[in-house]
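# A structural model of the following input is requested.
(one chain, ligands or ions: 2)
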Amino acid sequence: MNSAIILAAGKGSRMKAELNKQYLVLKDKPIIAHTITVFENCPLIDEIILVINPEEEEICKKRILDRFKYKKITKLIGGGAERQRSVHNGLNVVDPRSQIVLVHDGARPLVTSKIIERCVKGAQAFGAVSAGVPIKETIKIMTKDRFVQYTPKREDVWITQTPQAFQLEIIKKAHDFAILHEILGTDDAMLVEHMGEKVRMVEGDYENIKITTPEDLIAAEAILGYKRRL
Ligand SMILES: Nc1ccn([C@@H]2O[C@H](COP(=O)(O)OP(=O)(O)OP(=O)(O)O)[C@@H](O)[C@H]2O)c(=O)n1
Ligand SMILES: C[C@](O)(CO)[C@H](O)COP(=O)(O)O
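Ligands and ions are numbered 1, 2, ... in the order given. Next up is the predicted model:
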């Protein structure tokens, strides 16, 4: 069986909206509802653990759970001050029978079943994978005083997305390692890297954007509109 931890416990501060960005409407439903629906409809996913801000439990129940009546959400749990803490809280309640655990940003509503499938198969084969896409720009690594240190070769650089998928024992070990060594990462793959384990990149999609700032909402509306016309 495979579990998905969907993260929605952030503050959405960069979105500068009245409401946490997860509950902003994108086309016909809240952002988080788009995200959960993809996992709900993916045959490779058996359970969904939804991680929310406990202060938003009522809004989540009223606007999401009572309205869409998802069958695969087995647990609704509180997140933490950092994304990593939210993931850790999710890991604590994953069904122990799970082989693969996916961690996904609730703020990435344009994820697809195909990306999920690639992540599950990748984690089965390699132990730890992250969705991602090759960069299209040129990247500069800077010094502290903002001078260019060097320019990595474009073919060596990908943009990390989610889902990130892991064999259960690997990701649990990585989070315990991070706590022991006081490592705070911006993604879960980084914690596995810090343990000296390999992480394989699998093909995400340029449309699998993270809705972080207002213009991302405009982009997501446009992508959804375009996809509906296909
Ligand atoms: N303590 C946190 C921080 C983030 N997240 C989730 O992790 C995903 C990626 O984080 P990000 O896009 O940075 O969301 P926020 O932290 O809410 O945004 P901001 O940094 O603008 O406040 C989001 O779905 C967010 O809800 C979480 O569950 N718990
Ligand atoms: C996990 C992630 O989406 C990979 O790109 C990203 O690191 C999340 O960062 P955020 O600051 O929590 O948005």
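# hmm, the strand or helix carrying Asp216 touching ligand 1?
Using DSSP states H and E, Asp216 sits within helix 214-229. No: remark: helix 214-229 sits outside contact range of ligand 1, by CB under 6 Å from any ligand atom, the gap being at least 9.4 Å. C-beta: built from backbone N, CA, C; applies to glycine.
# may I see the buried residues of that helix?
Of all the residues in helix 214-229, those buried under the rule 16 or more other CB atoms under 10 Å are Asp216, Leu217, Ala220, Ile223, Leu224.
# closest to ligand 1 out of the residues you listed?
Asp216 (9.4 Å; CB to the nearest ligand atom).
# name all residues that make contact with that closest one.
Contact analysis of Asp216 by CB atoms under 8 Å, 6 or more residues apart in numbering lists Ile209, Lys210.
# repeat that for Leu26.
The contact partners of Leu26, taken as CB under 8 Å, 6+ apart, are His34, Pro109, Ile211, Leu217, Ala220, Glu221, Leu224.
# how near is Lys71 to ligand 2?
26 Å (CB to the nearest ligand atom, to the nearest Å).
# how about the residue of the chain found nearest ligand 1, nearest residue that isn't a chain neighbour?
For the chain and ligand 1, the shortest gap (CB to the nearest ligand atom) falls at Gly10, measuring 2.1 Å. The spatially closest residue to Gly10, leaving aside those adjacent along the chain, is Arg83, at 6.8 Å (CB to CB, 6 or more residues apart in numbering).
# my read: the one you found touches Leu191, true?
No: using CB atoms under 8 Å, Arg83 is not in contact with Leu191, being 11.4 Å away.
# more neighbours, the two?
Leu191 (29 against 20; other CB atoms under 10 Å).
# for the more buried one, give me phi and psi.
Torsion angles at Leu191 (phi, psi; degrees, to the nearest 10) stand at phi -70, psi -40.
# quick one: contacts of the helix or strand encompassing Asp66?
Assigned by DSSP H and E, Asp66 falls within helix 66-68. Contacts to helix 66-68, defined as CB under 8 Å, 6+ apart, come from residues Lys29, Ala33, Ile36, Thr37.
# of the residues you listed - the most surrounded one?
Top of the contacts of helix 66-68 by neighbour number is Ile36, holding 26 neighbours under the definition other CB under 10 Å.
# thanks a lot, see you next time.
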